[in-house]
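Undergrad: Sharing a model that was predicted from the sequence below.
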Amino acid sequence: MRIQIALISAAALLAACSNNNDAKAPAETENAGAPAATSAPAPTPGLWEQTISGAAMPQPTTFKVCVGPSPEGANPFNAPQEGVTCSENTVNPAPGGATFRSVCESQGMTVASDGKVAGDLGSAYKVEITSRVTGANVPPQMAQMNTTIDARRLGDCPAGVAPNTIVQ
């Protein structure tokens with residue numbers, strides 16, 4: 001169970017700074033009756049290096065990802081994932097960046113995350129996320145996790161690399 005929680009958390013963290021071109025606009029999800037969202041702050045498409053630390057990770061993890069354009073009205077800091085249902089998934093402009101909130105469920109666990117983004121979404125930014133995990137058999141050390149993601153744009157994606165692809 002601990003591995004499942006760690007994998008769900010890792011997937012949520014990776015999605016936190018990825019875009020998903022298959023993401024549904026809010027009108028197509030649980031918020032069907034909500035008014036259409038305005039354009040949310042999103043990272044500039046291209047090749048980004050992201051370093052994730054915290055969240056019970058023994059050491060920071062760095063990887064490169066080709067980020068694509070964010071669909072209109074989508075939360076680019078928590079893109080929808082297969083098998084994960086979100087009852088809330090919003091992003092709002094804030095001075096110096098953005099704030100976001102998501103409440104998502106998978107495999108009997110609920111992850112509620114609040115985050116803030118600071119910096120220049122065209123060159124370098126920092127994301128700070130507090131996530132609370134509830135559900136059967138959630139170990140105490142996984143009940144609340146604080147995560148930091150530092151991202152910097154390296155340039156355009158390599159030719160032939162699809163958005164949302166991790167680049168070696």
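TA: Okay, I see it.
Undergrad: Next secondary structure element downstream of the lowest-mean-pLDDT helix or strand in the chain?
TA: Lowest by mean pLDDT, DSSP states H and E among the helices and strands of the chain is helix 2-16, with a mean of 38. Counting by DSSP states H and E, the next helix or strand C-terminal to helix 2-16 is strand 46-54.
Undergrad: How about that following strand, which residues are buried there?
TA: Gly46, Leu47, Trp48, Gln50, Ile52, Gly54 (16 or more other CB atoms under 10 Å). Every residue, glycine included, has its C-beta placed from N, CA and C.
Undergrad: Tell me if I'm right that the first one and Arg153 touch.
TA: If I follow you right, that is Gly46. Yes. Assessed by CB atoms under 8 Å, Gly46 is found in contact with Arg153 at 5.3 Å.
Undergrad: Farthest-apart pair in the buried residues of strand 46-54, please.
TA: Gly46 and Gly54 (25.1 Å; CB to CB).
Undergrad: Quick one: residues contacting Pro158.
TA: Applying CB atoms under 8 Å, 6 or more residues apart in numbering to Pro158 gives the contacts Leu47, Cys66, Val167.
Undergrad: Identify the residue spatially nearest to the first one, adjacent ones excluded.
TA: Spelled out, it's Leu47. Leaving aside its chain neighbours, Leu47 sits nearest to Leu154 (4.6 Å; criterion: CB to CB, 6 or more residues apart in numbering).
Undergrad: Which strand or helix spans the one you found?
TA: strand 144-155.
Undergrad: How about Gly122?
TA: Per DSSP H and E: Gly122 is located in neither a helix nor a strand.
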